[in-house]
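model this:
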Amino acid sequence: MSDLITFGVSILSGILIGILFDLYRAFRYFSKPKGILSYIEDFLFWIIVGVLFFLLLVSTTDGVLRGFVFIGSFSGGLLYLLTLSSRILSLFISIFKLILNAINEIIKLIKMPFVNSMKMVKKPVKKFIVMLKLYFKEIARYSKIISKKK
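From the prediction side, this is the model:
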């Protein structure tokens, strides 16, 4: 009976690994890593999957490698990928889009006072700079006139 429960848990772990894989695929859909970063992300994903699988082995079979655990995990992952993966992946992508849109709106709200204040300050600063240029131009002109009179 305990072997049957262990087999069921291993099928569920395969499904969980499939869900994590779709979550990872949705993340990569938006991040589009290039070069070595892609390898690092893949490595980290498989480290996480390995740790989860190790925890499954330790919790269900006390760390004993049993063939039916591997078969159950593989079957659960395959079952998930063939049946639910496309729906779950599109759900994760939609959730990521919502989160990114919310973050963009928050950034816009935070940025808006600064942008508006820069617009308000820009014209007076430009006028001030023009006045300074004129002032120094006039000083230079008068200093030439004064230096000629000596």
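
which neighbouring elements make contact with the top helix by length along the chain?
Determined from DSSP state H, the single longest helix within the chain is helix 85-149. With contacts defined as 3 or more C-beta pairs under 8 Å, 6 or more residues apart in numbering; DSSP states H and E, helix 85-149 has these neighbours: helix 2-31. For every residue, glycine as well, the C-beta is placed using N, CA and C.

now do the same for S75: its pLDDT.
Note for S75: predicted pLDDT of 94.

hang on, I meant M1
pLDDT at M1 comes out at 65.

now the angle from the lowest-mean-pLDDT helix or strand in the chain to helix 2-31?
Least confident helix or strand, the chain: helix 85-149 with a mean of 83, by mean pLDDT, DSSP states H and E. For helix 85-149 against helix 2-31, the angle by axes from the mean of the first three to the mean of the last three C-alpha atoms, to 10 degrees is 30 degrees.

spit out the contact partners of K126.
Going by C-beta atoms under 8 Å, 6 or more residues apart in numbering, K126 touches no other residue.

and it, how close does it get to L132?
According to C-beta to C-beta, to the nearest Å, K126 and L132 sit 11 Å apart.

got it, and A140?
For A140, the distance to L132 - C-beta to C-beta - is 12 Å.

anything in contact with each of these two?
Contact criterion C-beta under 8 Å, 6+ apart; no residue bridges A140 and L132 by contacting each.

and I129, how far from S117?
According to C-beta to C-beta, I129 and S117 sit 18 Å apart.

brain fart, F30
32 Å.

cool, F74 as well?
59 Å.

look at those two and report which has more neighbours.
A direct count of neighbours by other C-beta atoms under 10 Å for F74 and S117 places F74 higher, at 14 against 10.

mind checking the SS state of that one?
Assigned with DSSP: H, G, I helix; E, B strand; the rest coil, F74 falls in the helix class.

so what's the residue lying closest to it once chain neighbours are set aside up against?
Among residues not flanking F74 along the chain, G14 sits closest, at 6.2 Å (C-beta to C-beta, 6 or more residues apart in numbering). Going by C-beta under 8 Å, 6+ apart, G14 touches G72, S73, F74, S75, G76, G77, L78, L79, Y80.

let's go with 10 Å and repeat that
Counting by C-beta atoms under 10 Å, 6 or more residues apart in numbering, G14 touches 53, 56, 69-81.

much appreciated, bye for now.
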